[in-house]
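*Asks:* kindly generate the corresponding structure for this input.
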Amino acid sequence: MADQYQYNTNEEKIVKDSHTKEIDLINRDPKQINEDVVKVEFEDVIAEPDGTHSLDGVWKLSYTTFTVSKYWCYRILSAVFGIPVALLWGFLFACISFCHIWAVVPCIKSCLIESQCISRIYSLCIQTFCDPFFEALGKVFSSVRVALRKEV
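*Replies:* Take a look at the predicted model:
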């Protein structure tokens, strides 16, 4: 009884730890899924070719404005919409997981089981009806000889 209690305690601890694990606040893209998608810098968007340069002060202020506005706009949008959108994505992936676990996999397993049964019936029918027919046909034509002659 004590072993079972300890097993249940460890199991509950594992479940609790999987939902409350600590996240890395420094590296927020450890699998690098957004490596080249959203890394947009000032130089990637705005560029002045040789011969058409704005004033140096305007160029520096444009760079600062772009960088700071992108930074704060992202922060404000993520603060306002981050949690609701995370809730929606969590709900969506929960629904997808539910459908996959409770509908897709059982349906596939059922089809595999049924196809094995049908395959055995089909194989039995072929062995019963087609094999003797083609075997007899083979015996009929086994005595046929083909001779090729050149016509001159």
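
*Asks:* CA atoms for contacts and neighbours, from now on please.
*Replies:* Noted.

*Asks:* shaky segments in this structure?
*Replies:* For the chain, the stretches with pLDDT under 70 are 1-20.

*Asks:* hey, which helix is longest across it?
*Replies:* Longest helix of the chain, by residue count under DSSP state H: helix 56-99.

*Asks:* can you name the next helix or strand after that helix?
*Replies:* Along the chain past helix 56-99, the next helix or strand (assigned with DSSP states H and E) turns out to be helix 105-125.

*Asks:* quick one: that following helix to helix 56-99, angle?
*Replies:* 50 degrees (axes from the mean of the first three to the mean of the last three Cα atoms, to 10 degrees).

*Asks:* about what we covered before: what is the longest helix of the chain packed up against?
*Replies:* Contact analysis of helix 56-99 by 3 or more Cα pairs under 8 Å, 6 or more residues apart in numbering; DSSP states H and E lists helix 42-45 as its packing neighbours.

*Asks:* contact partners of the helix it packs on?
*Replies:* The contact list for helix 42-45, computed with Cα atoms under 8 Å, 6 or more residues apart in numbering, reads 63, 66-67.

*Asks:* nearest to residue 53, of those residues?
*Replies:* Relative to residue 53, the closest of those is residue 63; by Cα to Cα it sits at 13.7 Å.
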